[in-house]
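Student: What follows is a predicted protein model with its sequence.
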Amino acid sequence: MYSFMGGGLLCAGVGNILLIVSTATDYWMQYRHSSNYMHQGLWRYCVPGKCMTHTDSIAYWDATRAFMILSLLACFIGIVIGVMAFIHYSFDGFDKTFAAGILFFISCFFVLLAMAVYTGVTVNYYGKRYGSWRFSWSYIMGWVSVVLTFFSGIFYMCAYRMHECPRNTNSR
């Protein structure tokens, strides 16, 4: 049980760090415009030597930002509850292992929604407008965090199942 929780905490911790870095950095996409390479993130876009804040309230950026922030919050709360489950901090009638697993799945769902919204709009818009563009490392970190938060949930659900259904070795 503790190995599953330890693996879940490791995946969740790394996933949460990747979520923070992915959300905060400006390298979701790179493209070439007027013979200059530019890049943009969820909060700013950068031309050579200068970065500027997105001033337009474009729905897909707002949705992606909101889902990323909700994912960060769910993952962070899941880590706190997961650590409490690991050290046996008790609340009566509240299974922290199960709650942490559910929060990691919720975090995975939110980051998956964020990545799907951003991918769909970016491919449809920039794919037609710019010939030379690509997703960059901040975007890739977002997809890696989808996998890590998913496995955190799996690990915590496995720990929950082991705790709820222990093997009876004295049944013979």
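Tutor: Alright, I've got the coordinates.
Student: alpha carbons only for contacts and neighbour counts from here, please
Tutor: Will do.
Student: Need the contact partners of stretch 9-28.
Tutor: 39-46, 65, 68-69, 71-72, 75-76, 79, 82-83, 104, 135-142, 144-146, 148-149, 151-152 (CA atoms under 8 Å, 6 or more residues apart in numbering).
Student: Keep only those of the residues you listed that are in helices.
Tutor: 65, 68-69, 71-72, 75-76, 79, 82-83, 104, 137-142, 144-146, 148-149, 151-152 (DSSP state H).
Student: quick one: low-confidence ranges for the chain?
Tutor: 1, 89-93, 130, 164-172 (pLDDT under 70).
Student: again, only using 50
Tutor: Scanning the chain for pLDDT under 50 picks out 168, 171-172.
Student: in it, which spans are strands?
Tutor: Applying DSSP state E to the chain gives strands spanning 29-33, 36-40, 44-47, 50-53, 133-135.
Student: Now distance to G7 and mean neighbour count too, for these, in a markdown table please.
Tutor: Converted to a markdown table, the strands of the chain look like this (distance: least, CA to CA, whole Å; neighbours: other CA atoms under 10 Å):
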| stretch | distance to G7 | mean neighbour count |
| --- | --- | --- |
| strand 29-33 | 31 | 17 |
| strand 36-40 | 33 | 17 |
| strand 44-47 | 35 | 17 |
| strand 50-53 | 38 | 11 |
| strand 133-135 | 30 | 17 |
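Student: Out of those strands, flag the one nearest G8.
Tutor: Nearest of the strands of the chain to G8, taken as CA to CA: strand 133-135 at 28.4 Å.
Student: isn't I106 right up against S71?
Tutor: Yes: I106 is in contact with S71 according to CA atoms under 8 Å; the separation is 7.2 Å.
Student: These two: which is more packed in?
Tutor: Neighbour count, other CA atoms under 10 Å: between I106 and S71, S71 has more, with 30 against 21.
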